[in-house]
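Asks: sequence below, structure please.
(chains A and B)
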Number of protein chains: 2
Amino acid sequence: MAAYVHPYYPLGLELPGVQPLVMPFEKILAVFFTACGMALAAGWYMTGRAKFLSTGERSMACWFLCSGLIHLFVEGTVVLNSKFYQDTSGNILNEIWKEYSKADSRYATRDDFVISMEAVTAFIEGPGCLLIVWGLLKAKPWRYTAVLLVSLGQFYGDVLYFGTCLHGGMSRHTRPEFIYFWFYFIIVNGVWLVVPMACMIHAAKKINNAIEGTGEKKHA
Amino acid sequence: MAAYVHPYYPLGLELPGVQPLVMPFEKILAVFFTACGMALAAGWYMTGRAKFLSTGERSMACWFLCSGLIHLFVEGTVVLNSKFYQDTSGNILNEIWKEYSKADSRYATRDDFVISMEAVTAFIEGPGCLLIVWGLLKAKPWRYTAVLLVSLGQFYGDVLYFGTCLHGGMSRHTRPEFIYFWFYFIIVNGVWLVVPMACMIHAAKKINNAIEGTGEKKHA
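Replies: Predicted coordinates:
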């Protein structure tokens, strides 16, 4: 049998024991996006009883539920399993990363920044997102503080994710095809710039109004 | 004249045109820490008229003034001047980095993460720090939001700064001598973990109390 030639950029990158996808990529995407849709729907259902939540905050709770589960399970996998690309079991979490690495081979080569950032994302921001869901449902006084901190963590991690690529040359680790560059790399990651920014703006407005309301310079 | 052999780790690292320090390192440190002391003192003087500020918030304003100036001028220099190690003019900002690179040669080799993170620190967090000084002096309603965001930016950048080193092997870019490893690398950078954390705790308390005070679940 001829040796398997991997598709990751730069071509010829040494990845000992690298294995081809077990699932067709359409199936990987279908499973991932269906799971995201189910998480969002579960969030919508869960928050239906909290009548005091505006539609905006209900949507925010759904976002943090879905995002937290992605951080914990999907990103947690790539942090803990440095040899995901050798997997032949068809485990969907490893398959996701075997496919995504076409958009960024730094996951396979264990780039210092990418793995450090993903460790924080998976194991600090992941639980943080789920805590926010609870905080929103129970209208905890710390909920907007948590939204601000977790969203900035997501946003800044993503800025550096794009920043390191821009600084090093955008095409070094990324296949140029539309789906890998534009869809996986730019659009999917772009979601974690746009939505956290919207969450930060919402939380900042709530906080600034509340602080203004106290109007107590003396206790500053 | 024999070629100058640079002191940066790993030894033998190629740094074309690298030049020795112009100033003795004691002078570099003296100038840097005197400038920091002057910034702190100026902050203390400036905030003296704002009688409503507690000692804690007055100290915080001093910290953000000093920290903001370091971000803008010192870290701004290393971002913009990629060839700082070739400088022979004795410019103190370049001298600082020629000396500090003994603790982390990634500044000289233009590591993607280090330069991306420093760019955000210098040009987003730097002005952000100065904005906070103004916000505290004028008791602006957004001041605690800004403290939370800027401090988390500093903290997370520093976590990743240490994280990338831990992941890649702590001694790869750092000379092992006490002053470079412990003082420059661990202690000086450690300040940007400890103080931002204290600032975040202070701001979070203020915010959580204010949000609790509104007590308006209906408007959530």
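Asks: quick one, helices of chain A?
Replies: Taking DSSP state H as the criterion, chain A contains helices spanning A:25-46, A:55-69, A:76-80, A:92-100, A:106-109, A:112-120, A:126-137, A:143-168, A:178, A:189-214.
Asks: got the angle between the second one and helix A:143-168?
Replies: Looking back up the chat, that one is helix A:55-69. Angle, helix A:55-69 to helix A:143-168, by axes from the mean of the first three to the mean of the last three C-alpha atoms, to 10 degrees: 60 degrees.
Asks: helix A:55-69 packs against which elements?
Replies: helix A:25-46, helix A:126-137, helix A:143-168, helix A:189-214 (3 or more C-beta pairs under 8 Å, 6 or more residues apart in numbering or on different chains; DSSP states H and E). All C-beta spots, glycine's among them, are computed from the backbone N, C-alpha and C.
Asks: the fourth one too?
Replies: If you count contacts as 3+ C-beta pairs under 8 Å, 6+ apart, helix A:92-100 packs onto helix A:25-46, helix A:76-80.
Asks: let's go with 6 Å and repeat that
Replies: Of the remaining helices and strands, those touching helix A:92-100 by 3 or more C-beta pairs under 6 Å, 6 or more residues apart in numbering or on different chains; DSSP states H and E are helix A:25-46.
Asks: buried set for the helix it packs on?
Replies: Within helix A:25-46, the residues that qualify as buried are A:28-29, A:32, A:35, A:39-40, A:43, counting by 16 or more other C-beta atoms under 10 Å in any protein chain shown.
Asks: do stretch A:119-129 as well
Replies: Neighbour count says stretch A:119-129 has A:119-126, A:128-129 buried, by 16+ other C-beta under 10 Å.
Asks: repeat that for stretch A:4-11.
Replies: Neighbour-count burial for stretch A:4-11, with 16+ other C-beta under 10 Å as criterion, is recorded at A:6-9.
Asks: where does pLDDT dip in chain A?
Replies: Confidence mapping of chain A against pLDDT under 70 gives the ranges A:1-2, A:215-220.
Asks: switch to 90 and redo it
Replies: Where chain A drops to pLDDT under 90, the residues are A:1-5, A:9-12, A:165-172, A:213-220.
Asks: around chain B, pick out the residues from it.
Replies: When proximity is defined as C-beta under 6 Å from any C-beta of the partner chain, chain A approaches chain B at A:52-53, A:57, A:112-113, A:115-116, A:139, A:141-142, A:144-145, A:148-149, A:152-153, A:156, A:160, A:163-164, A:167-168, A:204, A:207-208, A:210-212, A:214, A:217-218, A:220.
Asks: which one is the spatially most central residue of chain A nearest to, not counting chain neighbours?
Replies: The residue lying closest to the centre of chain A (C-alpha atoms, centre = their mean) is A:H71, at 5.4 Å. Distance criterion C-beta to C-beta, 6 or more residues apart in numbering or on different chains; nearest residue to A:H71, sequence neighbours excluded, is A:G126 at 3.3 Å.
Asks: I'd say the one you found and A:L72 touch.
Replies: Yes. The pair A:G126 and A:L72 passes the contact test of C-beta atoms under 6 Å, sitting 3.8 Å apart.
Asks: among the buried residues of stretch A:4-11, which one lies nearest to A:Q86?
Replies: Lowest distance from A:Q86 to the buried residues of stretch A:4-11 (C-beta to C-beta) belongs to A:H6, with 11.1 Å.
Asks: contacting residues for the closest one?
Replies: Counting by C-beta atoms under 6 Å, 6 or more residues apart in numbering or on different chains, A:H6 makes contact with A:15, A:18.
Asks: same question for A:I211.
Replies: B:141, B:144, B:210.
Asks: narrow the residues of chain A next to chain B to just the buried residues.
Replies: A:53, A:57, A:112-113, A:115-116, A:139, A:141-142, A:144-145, A:148-149, A:152-153, A:156, A:160, A:163-164, A:167-168, A:204, A:207-208, A:210-211, A:220.
Asks: with that, I have no additional questions.
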